[in-house]
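Participant: Starting from these lines, generate the structure:
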Amino acid sequence: MPATDLTDNRAFLTEKVIKNYSGIFDKASTERIAGIKRDAVVKPVIYIGTGTCGVISGAGATLERVRKYISENNIDAIIAEVGCNGFCSAEPLLDIQLPGKTRLCFHHVTNDKAEDVLNSVLHHTVHPDLVLGQYKQAGLEEWPSVPMMDELPWFSRQTRHILKNAGIISPVSIEEYIVRGGYKSLYKTVLNYPADKICEIVEQSELKGRAGGGFLTGKKWKIALDTAGDQKYLICNADESDPGAFMDRAVIESDPHRVIEGLAIASYAIGASQAIIYVRSDYENPLNILSNAIRQAREYGLLGEDIFGSGFNLSVSLSKGAGAFVCGEETALVTSLEGQRGLPRSKPPYPAEKGLWGHPTVINNVETLANIPGILENGPAWFRSMGTQSSKGTKLFSIAGKSASTGFIEVPMGISFSSIIYDIAGGVKDGKALKAVLLGGPSGVCIPEAELETPLDFEALNGIGAKLGLGGLIILDEKTCMVNLARYFIDFLQKESCGKCIPCREGTKKMLDILNGITRRPKEETAHETLERFKGVVQLEDLAHVISDTSLCGLGKNAPNPVLSSLKWFREEFEEHIFDRRCAAGVCQDLRTFYIDVDHCNGCNICQKKCPEIAIIGSLRMPHFIIESKCTGCGICFDVCKFSAINFK
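Facilitator: Residues are numbered from 1 along each chain as shown. Predicted structure coming up:
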C-alpha cells in the first residue's frame, strides 16, 4: 500500500471508526467499512486457512495451486490468507465468496482438489463432496441446499466471542480488526476510566485466569496496581507448553490484535508502561504474526507514546522461550525473562508484588487477555451472564486424540464432557468405545466415562479431583493402556523437571522406575529384585501424594495427577499388569507374547525375514514358530503378516 493510502486509511480508521461511539456512519464511510469487511465484494475473494494446522495439512500447496489457477486463467480475484476457524480436522479449509453471494467454506481442499472447487464455484455451482457450509450474511443471496456454518454440529453448540473472527479475517490486517469493533475498548478505557475503575470492572465480571489456576483476574490486577513501584510489567504468557493444548496459538494466528488490545488495557489497569509477550521459540508463525501486529499497532498510534492523547505510554516487545514446560509456572517464566535458567521461586511474594527485576508484574495468558476487550465493550454483567454460578464466561478447549473431529472450540463454562465429545466432536473415531478423557495435558487427570456429565468449571472439577488447566482435551479410546499412558507422562515430566526441589526431581524419577517395572516382563530377575519391585508398586500411591504435597511449584505438585487418577478409576489395569503380567490393550510391548496360528500360517517367510531378533524359525511353505525367549515383542511380524496368522496375548 502506498504511503499516502496508508496515512489516509490510518486517519479514517482511527478518527472515524475507533472514536465513533454511536456506530452511525455516513454513506461514504459505511461503504468504505463494508469494503474492508468484505460484506459485499466486487470481485471473487478466495480465503485460505494458513494457520499451523492448515499448513501441516497441505494449505501451502493449496495456496500455490490457487495462485497458479488464477494466473493461468486471467481471473481477477483476491486471495486472502486467514487463520483456522477451529475445525482443524477439516483442513485445508478454503472459502470462496462471489459478488452478491454468501461466503462458501470447503473442507479437505488439498492442492489436487483446489482446481475442481474453483471451477465449480466460479461457474456458480457447488462441489457437493467438499462443501462444508455457508456463512450467514445479510443482504446476500444464499446458495441453495448448503447448510449454514452455525448449524453444523461442530459450531452449533459454541458461543464464539474470542473466536468470532477466527477463520474470518486476515491476521495480518489491522484494518479488518478495527472495522469489526477492534480497539474501541482501548479508546474507551484510556479516555474515560482511571486505572482502578478498570480493575473494578474486570473484578465485577468475575473473569478467572484461563491458565488453569482460576484466580480472579481483576483481583490480581488490583494487587499490582496498589503495590508501589517506579516500574511495572505486564507479561502475556503465550508459551502454551502443554502438549495437546493449542488454543493460544490458534487465537494468535487468527486474531492477534484482540490479544494486543487486551494486553494494552491490562497494562493501563495496573500502571505498566512495558509489556512483554513470552512465546516459545518454535512457534514461528505466531511470532511472525505478533511481530507484524505490534508494528501495525504502533503505526496506528495504538501502542507507543501518548496513546489517543491520554498520556498513557506502552512499549510492547516479544521474548522467545526455549519451550521448557516448567516455564508455564509464572515465577519460572519471570526467571527465564531475566536471562537465567527457568527455575521457580518460593511464593510469597507473588509476582504481582515482586516479579520481573523485582518490580510488580502481572502475568496473564493469551485467552485471559483476549476476554478483556469484550468485557470493556459489553460490561461485566454481559460476561457474568454466561457460564455457571461460580465460573463465568466462555472457555476455549482444544480437542485431540481419538475423537471423530478435532480442533478448538469456545463454549460457555459449565458444559459437560459428554456434550463436547458427542455433540460437538462427533464421538469416538472409527466407532470405538470411549475409555477416558485426559484433561490438562501431561500433569492432567484422566476422567472416566462414568464422570462425563461433570460440568467443565473450576469448582465442579475440583469436586472430582481434577483441574481445568489450559483446556486441552485428549480423547482416549478402548485401545489405550492407562498404565502406559501414566508412564509416558511421568517420563515427560521427569525430563521437564527443573531439578530444584528433591520431591519433584527424585520423586518423579522413582515413579518412572516403578512404572517401567510394571510395564515390562522381568527377565532373569532374582527373588530380591522381585520383592523390591513389588514394594515399589505398593508405595506408588503414597509416593505420588508426597510429591504432590511437598513440591515447590505447580509442575511437581501436579506431576502425580495422571498416576493418581489412573489408580483411582483404572486400578484393575494396574493389577492386571502387576499380577498377570498382561496388557489387555496390547500397548505395553514388553508384556506382549506373540504366537503363530499354524492353521493360518502358509510359510511365506515374510515374518522370518523381517524379525530383527531372528526369533522366528520355520521352513518355506511350512508353518513357522516364534522362540519366546528371543522375542522382544516389537510387533513387526504382526504388522507384516498378510494372513492374520500372528497374534499376541
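Participant: Show me where the stretch 1-150 of the chain dips below the pLDDT cut-off.
Facilitator: Residue ranges of the stretch 1-150 of the chain with pLDDT under 70: 1-6.
Participant: ranges for the helices of it?
Facilitator: Ranges of helices in the stretch 1-150 of the chain, per DSSP state H, counting those that start in this stretch, are 3-11, 27-37, 52-57, 59-72, 111-122.
Participant: Which one of these lies nearest to Gly441?
Facilitator: Each of the helices of the stretch 1-150 of the chain was scored for nearness to Gly441 using Cβ to Cβ, and the closest is helix 52-57 (17.8 Å). All C-beta spots, glycine's among them, are computed from the backbone N, C-alpha and C.
Participant: what sits up against the closest one?
Facilitator: Outside of helix 52-57, the residues within contact range by Cβ atoms under 8 Å, 6 or more residues apart in numbering are 48, 84, 88, 91-93, 110, 246, 249-250, 253, 285, 407.
Participant: one more time with 7 Å
Facilitator: Residues outside helix 52-57 that contact it (Cβ atoms under 7 Å, 6 or more residues apart in numbering): 84, 88, 91-93, 249, 253, 285.
Participant: Quickly check those for the two that are furthest apart.
Facilitator: Maximum distance among these (Cβ to Cβ): 17.4 Å, for Pro92 and Arg249.
Participant: and the residue nearest the centre of the chain, what does it touch?
Facilitator: Most central in the chain under Cα atoms, centre = their mean is Phe246, positioned 1.9 Å from the mean C-alpha point. Phe246 makes contact with 240, 398, 408, according to Cβ under 7 Å, 6+ apart.
Participant: 6 Å - rerun?
Facilitator: Going by Cβ atoms under 6 Å, 6 or more residues apart in numbering, Phe246 touches Ser398.
Participant: and it, what pLDDT?
Facilitator: On the pLDDT scale, Phe246 is placed at 90.
Participant: which one of the contacts of helix 52-57 is nearest Thr454?
Facilitator: Cys88 (24.9 Å).
Participant: ok, how many other residues are close to the closest one?
Facilitator: Using other Cβ atoms under 10 Å, Cys88 has 24 other residues around it.
Participant: Leaving out chain neighbours, which residue sits closest to it?
Facilitator: Nearest non-adjacent residue to Cys88, counting by Cβ to Cβ, 6 or more residues apart in numbering: Gly407, 3.7 Å away.
Participant: Given whichever strand or helix holds Val279, what are its sheet partners and their directions?
Facilitator: Remark: Val279 resides in strand 274-280, with elements defined by DSSP states H and E. Strand pairing for strand 274-280, determined by DSSP bridges: strand 233-238 (parallel), strand 312-321 (parallel).
Participant: and Gly358, which of those is closest to it?
Facilitator: strand 233-238 (10.6 Å).
Participant: now could you export just the CA positions of that closest one as CSV?
Facilitator: What follows is strand 233-238, C-alpha atoms only, in CSV (Å, rounded to 0.1, in the frame of the first residue of the first chain):
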residue,chain,number,x,y,z
TYR,A,233,5.3,-5.0,33.9
LEU,A,234,2.5,-6.9,32.1
ILE,A,235,3.5,-10.3,30.7
CYS,A,236,1.4,-12.2,28.3
ASN,A,237,2.3,-15.9,28.6
ALA,A,238,1.9,-17.4,25.1
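Participant: for whichever helix or strand comes after it, packing partners?
Facilitator: Counting by DSSP H and E, the next helix or strand C-terminal to strand 233-238 is helix 247-254. Secondary-structure packing of helix 247-254 (3 or more Cβ pairs under 6 Å, 6 or more residues apart in numbering; DSSP states H and E): helix 284-299, helix 366-378.
Participant: among those, which is the most enclosed?
Facilitator: Most buried of the helices and strands packed on helix 247-254, by mean neighbour count (mean count of other Cβ atoms under 10 Å): helix 366-378, with a mean of 24.
Participant: distance of Asn364 from Ala266?
Facilitator: Look at Asn364 and Ala266: by Cβ to Cβ, to the nearest Å, they are 6 Å apart.
Participant: returning to what we had before: let me know which of the helices of the stretch 1-150 of the chain is the nearest to Thr519.
Facilitator: helix 52-57 (30.8 Å).
Participant: before we move on, back to that, any chance of the strands paired with strand 274-280 in a markdown table, plus mean neighbour count?
Facilitator: Below are the strands paired with strand 274-280 laid out as a markdown table (neighbours: other Cβ atoms under 10 Å):
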| stretch | mean neighbour count |
| --- | --- |
| strand 233-238 | 27 |
| strand 312-321 | 17 |
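Participant: residue ranges with poor pLDDT in the stretch 451-600 of the chain?
Facilitator: Counting by pLDDT under 70, the stretch 451-600 of the chain shows low-confidence ranges at 522-536.
Participant: What segments of it are strands?
Facilitator: Under the criterion DSSP state E, counting those that start in this stretch, strands of the stretch 451-600 of the chain are mapped to 472-477, 594-596.
Participant: could the ones you listed go into JSON lines alongside distance to Tyr135 and mean neighbour count?
Facilitator: What follows is the strands of the stretch 451-600 of the chain, written out as JSON lines (distance: least, Cβ to Cβ, whole Å; neighbours: other Cβ atoms under 10 Å):
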{"stretch": "strand 472-477", "distance to Tyr135": "26", "mean neighbour count": "24"}
{"stretch": "strand 594-596", "distance to Tyr135": "53", "mean neighbour count": "18"}
